[in-house]
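Participant: Make a model of this:
(one chain, ligands or ions: 3)
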Amino acid sequence: MKQRLTVLGSTGSIGTSTLDVVRRHPASYEVFALSAATQVDVMLAQCAEFKPRYAVMASAAHAKALADKLQSNGLVTQVLQAQDALEKIASHPEVDAVMGAIVGAAGLSPCLAAAKAGKRLLLANKEALVVGGALFMETVHAHGCTLLPIDSEHSAIFQCLPEDRSTWRARIDSLLLTASGGPFRQRDPATLAEITPAQACKHPNFSMGRKISVDSATMMNKALEVIEARWLFDVEPDQIKVVIHPQQIVHSMVQFKDASILAQLGTPDMRVPIACGLAWPERIESGVAPLDFAALAGLTFEEADAQRFPGLHLSWQALKAPEGTTAVLNAANEVAVAAFLSGQLRFDRIHAVNLETLSAVTPPQPRNVGDLLALNDEARSIATEVLERFVA
Ligand SMILES: NC(=O)C1=CN([C@@H]2O[C@H](COP(=O)(O)OP(=O)(O)OC[C@H]3O[C@@H](n4cnc5c(N)ncnc54)[C@H](OP(=O)(O)O)[C@@H]3O)[C@@H](O)[C@H]2O)C=CC1
Ligand SMILES: CC(=O)[C@@H](O)[C@H](O)COP(=O)(O)O
Ligand SMILES: [Mn+2]
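Facilitator: Numbers count the residues shown, from 1 in each chain. Ligands and ions are numbered 1, 2, ... in the order given. So this is what the prediction gives:
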């Protein structure tokens, strides 16, 4: 029986890698629905190839443009638009699995809809978990959702852990998240003010969307991943450690109570964790060449420099603060990164916007997804005010 799949964010880096793996296994997977925001022609080509029943676009104008092109190409995919359209394709009764690959908090509601419908949820969209926190995991557990981490570090940890979740806590000492250190790991910190979006988006090992690439450059990506790990694996914040490993061959590790460490290794290519999530607990071909150990120059590890990467430590601070603080941090960072990418904010001021927004917002205890979305909106508007003080 084929798995019927919805891909949220199909035109992005994770979305296209997902479809690349799916393309290799036509007997096992069928695309039920795709979603995107702006890239109409990429979506048109995906509809022509994968023939989904539905395609969702984020705005009415993009939906209309896609519908017109589909019609003139004789394609019958139905185009939907509106917030509840994403939730509809994520929770549709005919869907087995959902890839959550929208970037940012915009992915929270459709991922929660998939979780509530008890789907197999392949989660790349780390911001959904950073915003959703305990409420996200409660929804996963209450509705029998199978949550499969796609973020490479979390997929690595997931693969190193025993399958029986109830035994994790008793056996784990700590989770060791590896980090590349980004493109500025060795750059003179005095020159960080001059960095351009193109430089920040040049990740040393992965070709990714622009937002996550900037996060890797500030190491806010690792901060978000610390928060993601806390919720995915139900460990205390201080059980999560970060180590820089510039080659990104070791994707992360689990240290057990007896000091034994298990690591997951592989070529740095997101099709590996994606294939792992699609097929779990089986294994399928991902299209990625295995590691050639003889050709590796060496694997090195070092500590993250707190002065160069001040944002990294905000994760532990936010996790120890009242619930909702991680949502505030995420909102501030989304606003600051967008401002940097549009040329308004200096790279070295992203951290200042995050820090000031955190001190300006005291989050009330979120009781439901409505509270989380309201908190996200409030934190975004305060971050936008804070930003005014830092723009050139
Ligand atoms: N890229 C990677 O290797 C990794 C990514 N991740 C995580 O996966 C997620 C996706 O990352 P990535 O693929 O790099 O991002 P991209 O920017 O490449 O893709 C994002 C996708 O989401 C769509 N999108 C953007 N904004 C919205 C919105 N407001 N509403 C609906 N859809 C939207 C985009 O549509 P369009 O392009 O049509 O505008 C696109 O399809 C992020 O959370 C990231 O942190 C995690 C690990 C690795
Ligand atoms: C591929 C992936 O999972 C990204 O999150 C990537 O690992 C970024 O790495 P750094 O944030 O360590 O640069
Ligand atoms: Mn990652």
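Participant: and the gap between the closest residue to ligand 1 within the chain and residue 317?
Facilitator: Minimum separation of the chain from ligand 1 (CB to the nearest ligand atom) falls at residue 12, amounting to 1.9 Å. C-beta coordinates here come from the backbone N, C-alpha and C atoms, glycine included. Going from residue 12 to residue 317 by CB to CB, to the nearest Å gives 30 Å.
Participant: Residue 223 now?
Facilitator: According to CB to CB, residue 223 and residue 317 sit 10 Å apart.
Participant: For burial, what's the neighbour tally of the closest residue to ligand 3 within the chain?
Facilitator: Nearest residue of the chain to ligand 3, counting by CB to the ion: residue 151, 4.2 Å away. Residue 151 is flanked by 27 other residues according to other CB atoms under 10 Å.
Participant: nearest residue to it other than its sequence neighbours?
Facilitator: residue 126 (5.5 Å; CB to CB, 6 or more residues apart in numbering).
Participant: I figured the residue of the chain closest to ligand 3 was touching residue 227, is that so?
Facilitator: No: in this structure, residue 151 is not within contact of residue 227 by CB atoms under 8 Å, at 11.4 Å.
Participant: part of a helix, is residue 98?
Facilitator: No: counting by DSSP: H, G, I helix; E, B strand; the rest coil, residue 98 falls outside a helix, being strand.
Participant: shouldn't residue 159 be in contact with residue 277?
Facilitator: No: counting by CB under 8 Å, residue 159 does not reach residue 277; the two are 10.3 Å apart.
Participant: ok, these two, which is more surrounded?
Facilitator: residue 277 (24 against 19).
Participant: ok, the residue nearest to residue 151 touching residue 222?
Facilitator: No: using CB under 8 Å, residue 126 makes no contact with residue 222, being 10.6 Å away.
Participant: which stretch of helix or strand covers the residue nearest to residue 83 when sequence neighbours are not counted?
Facilitator: Closest residue to residue 83 apart from its sequence neighbours, by CB to CB, 6+ apart: residue 109 at 6.7 Å. Element membership for residue 109 (DSSP states H and E) is helix 108-116.
Participant: close to ligand 1, is that helix?
Facilitator: No: legend: contact between helix 108-116 and ligand 1 by CB under 6 Å from any ligand atom is lacking; minimum distance shown is 8.3 Å.
Participant: neighbouring contacts of that helix?
Facilitator: Applying CB atoms under 8 Å, 6 or more residues apart in numbering, the contact partners of helix 108-116 are 6, 8, 35, 83, 86-91, 95, 98, 100, 102, 121, 123, 125, 127-128, 131-132, 136, 139-140, 143, 145, 147, 369, 372-373, 376.
Participant: From those, list the buried ones, please.
Facilitator: The neighbour-count test (16 or more other CB atoms under 10 Å) marks 6, 8, 35, 86-91, 95, 98, 100, 102, 121, 123, 125, 127-128, 131-132, 136, 139-140, 145, 147, 369, 372-373, 376 as buried among the contacts of helix 108-116.
Participant: Show only the entries of these found in strands.
Facilitator: 6, 8, 35, 98, 100, 121, 123, 147 (DSSP state E).
Participant: Flag every buried residue along the helix or strand containing residue 381.
Facilitator: Residue 381 belongs to helix 369-388 when assigned by DSSP H and E. The neighbour-count check on helix 369-388 (16+ other CB under 10 Å) flags 369, 371-373, 375-376, 378-380, 382-384, 386-387 as buried.
Participant: Let me have the ones in strands among the buried ones among the contacts of helix 108-116 in JSON lines, extended by pLDDT and distance to residue 41.
Facilitator: Shown next, in JSON lines, are these (pLDDT from 0 to 100; distance: CB to CB, whole Å):
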{"residue": "6", "pLDDT": "99", "distance to residue 41": "21"}
{"residue": "8", "pLDDT": "98", "distance to residue 41": "19"}
{"residue": "35", "pLDDT": "98", "distance to residue 41": "16"}
{"residue": "98", "pLDDT": "99", "distance to residue 41": "24"}
{"residue": "100", "pLDDT": "99", "distance to residue 41": "23"}
{"residue": "121", "pLDDT": "99", "distance to residue 41": "28"}
{"residue": "123", "pLDDT": "99", "distance to residue 41": "27"}
{"residue": "147", "pLDDT": "98", "distance to residue 41": "33"}
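Participant: hmm, back to that, same drill for residue 223 and residue 317, tell me which one is more crowded.
Facilitator: residue 223 (28 against 15).
Participant: Distance check, that one against residue 242.
Facilitator: As judged by CB to CB, residue 223 and residue 242 stand 9 Å apart.
Participant: Now do the helices for the stretch 251-392 of the chain: every range, in order, please.
Facilitator: 271-279, 314-320, 325-341, 350-360, 369-388 (DSSP state H, counting those that start in this stretch).
Participant: contact partners of the fourth one?
Facilitator: Read that as helix 350-360. Applying CB under 8 Å, 6+ apart, the contact partners of helix 350-360 are 214, 218, 220, 310-311, 314, 317-318, 325, 328-329, 331-333, 335-337, 339-340, 345, 379, 382-383, 386-387, 389-390.
Participant: Number of residues surrounding residue 72?
Facilitator: Using other CB under 10 Å, residue 72 is surrounded by 9 other residues.
Participant: now swap in residue 36 and tell me
Facilitator: By other CB under 10 Å, 23 other residues sit near residue 36.
Participant: Find the nearest non-adjacent residue to it, please.
Facilitator: Nearest one to residue 36, counting by CB to CB, 6+ apart, is residue 11 at 4.0 Å.
Participant: so that neighbour sits in a strand?
Facilitator: No: counting by three-state DSSP, residue 11 is located in no strand; its state is coil.
Participant: residue contacts, it?
Facilitator: 36-37, 39, 42-43, 46.
Participant: And residue 137, by the same measure?
Facilitator: So residue 137 contacts 231-232, 234 (CB under 8 Å, 6+ apart).
Participant: repeat that with 7 Å
Facilitator: When contacts are counted by CB atoms under 7 Å, 6 or more residues apart in numbering, residue 137 is found next to residue 231.
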